[in-house]
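>>> Provide a 3D model corresponding to the input given below.
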Amino acid sequence: MEFKIETRKLPAKKVIYMPVTLSHEEMRDTGRYFMKLGIHAFTYGIKATGVSFIIFTGETKDSVDLEICFEVEEFPEEGNKLEVDGLDDYVPKMAGEIQQKELEQVEKKYAVGYHKGSRKEMPKVYTEMGAWFKENGLERSGEPLVEVYLNNSHQVPEKELLTELMWPIK
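Modelled structure (predicted):
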């Protein structure tokens, strides 16, 4: 995989998100959290922009802290919930409450790479990226890294999935 250094200006955006702590094994199945966010957006009439991403906020030997995000045009109005019979039985039961926040505009230097293929291969990609940092004498800034999903498995075969990785540089 090829990586490059870019200064990126990330625009301010509104997101609904779920803060979660997952084991490294559970990281292979973040799709269910995106499904829950999608169902939440549907039931509250929230118009998503189609951009979904994960912000990695921390890591231990056994787990990863994440914010699983959907970008939205507007936040839901209080009490604006569509009632759908049986929907509560369909929504996956899992830890993590759905929240909302505005992300501020950010401009910083990132190591950027693209992965094409199954998202289950992402741990290998991070190992490659870590080695690339060392080879190029770079240090991670300690700020959250970001995975941006440029398509999804409902649109393309798994081998065609495209993920953008942005790892902040010190």
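>>> from the centroid of this structure, which residue is nearest?
residue 54 (1.6 Å; CA atoms, centre = their mean).
>>> okay, now residue 166: neighbour count?
19 (other CB atoms under 10 Å). (Each C-beta comes from the backbone N, C-alpha and C, glycine too.)
>>> all helices for this protein, in order.
Counting by DSSP state H, the chain has helices at residues 31-43, 87-90, 122-135.
>>> with mean pLDDT as added columns, please give those helices in a markdown table.
Output for the helices of the chain, formatted as a markdown table (pLDDT from 0 to 100):
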| stretch | mean pLDDT |
| --- | --- |
| helix 31-43 | 84 |
| helix 87-90 | 50 |
| helix 122-135 | 86 |
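>>> of those, which approaches residue 71 most closely?
helix 31-43 (10.4 Å; CB to CB).
>>> let me see the contact set for the residue nearest to the centre of the chain.
If you count contacts by CB atoms under 8 Å, 6 or more residues apart in numbering, residue 54 has them with 30, 66-69, 146-147.
>>> for the residue lying closest to it once chain neighbours are set aside, give the beta-bridge partners.
Distance criterion CB to CB, 6 or more residues apart in numbering; nearest residue to residue 54, sequence neighbours excluded, is residue 147 at 4.7 Å. Beta-bridge pairing for residue 147 (DSSP bridges): residue 54, residue 165.
>>> wait, residue 147 touches residue 162, no?
No - at 11.0 Å, residue 147 and residue 162 do not qualify as touching, with contact defined as CB atoms under 8 Å.
>>> no further questions, thank you.
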